[in-house]
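>>> Please work out how this folds:
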Amino acid sequence: MSRQYAVVIEHAPGSNYSAYVPDLPGCVTVGDTLEEIERMMHEAIEFHLEGMREDGLPIPEPTTSVAVIEVAA
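Numbers count the residues shown, from 1 in each chain. Presented below is the predicted three-dimensional model:
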C-alpha cells in the first residue's frame, strides 16, 4: 500500500534545511540541499514506518494537506 505524507521543509539559519512530517511525530531530518533533504526524508519515513510496524503500532493515515499561498509582499 502506498501513502503520501505531507513534508514541511524549512530553510534554517546557516544555509541548511530541516524537514518533518506532521502526521508522523518524531520523523525529522536535516540536510544541506533540497535534493538531499528530499532523499533523506524519504528514507526517514520508510525507517519510521518500519519501526512502527515492528512495535505493532498502527500506521497513521495521512491527514495533513499543504497549500502554497502567493501574496504581494
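>>> how about the helices in this structure?
34-54 (DSSP state H).
>>> and residue 43, what does it touch?
residue 29 (Cβ atoms under 8 Å, 6 or more residues apart in numbering). C-beta coordinates here come from the backbone N, C-alpha and C atoms, glycine included.
>>> Report pLDDT for it.
For residue 43, the model assigns a pLDDT of 97.
>>> Over to the one 4 residues further on?
The model reports residue 47 with a pLDDT of 97.
>>> for residue 56, same thing?
Residue 56 carries a pLDDT value of 97.
>>> Next up, the contacts around it.
Under the criterion of Cβ under 8 Å, 6+ apart, residue 56 has no neighbours.
>>> Next, find the distance separating it from residue 46.
As defined by Cβ to Cβ, to the nearest Å, residue 56 lies at a distance of 18 Å from residue 46.
>>> Now stretch 7-26: buried residues?
Buried residues in stretch 7-26, counted by 16 or more other Cβ atoms under 10 Å: 7, 17, 19, 20, 21, 23, 24.
>>> Columns pLDDT and distance to residue 73 on top of those, output as JSON lines?
Output for the buried residues of stretch 7-26, formatted as JSON lines (pLDDT from 0 to 100; distance: Cβ to Cβ, whole Å):
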{"residue": "7", "pLDDT": "96", "distance to residue 73": "24"}
{"residue": "17", "pLDDT": "95", "distance to residue 73": "22"}
{"residue": "19", "pLDDT": "96", "distance to residue 73": "24"}
{"residue": "20", "pLDDT": "97", "distance to residue 73": "25"}
{"residue": "21", "pLDDT": "97", "distance to residue 73": "28"}
{"residue": "23", "pLDDT": "97", "distance to residue 73": "30"}
{"residue": "24", "pLDDT": "97", "distance to residue 73": "32"}
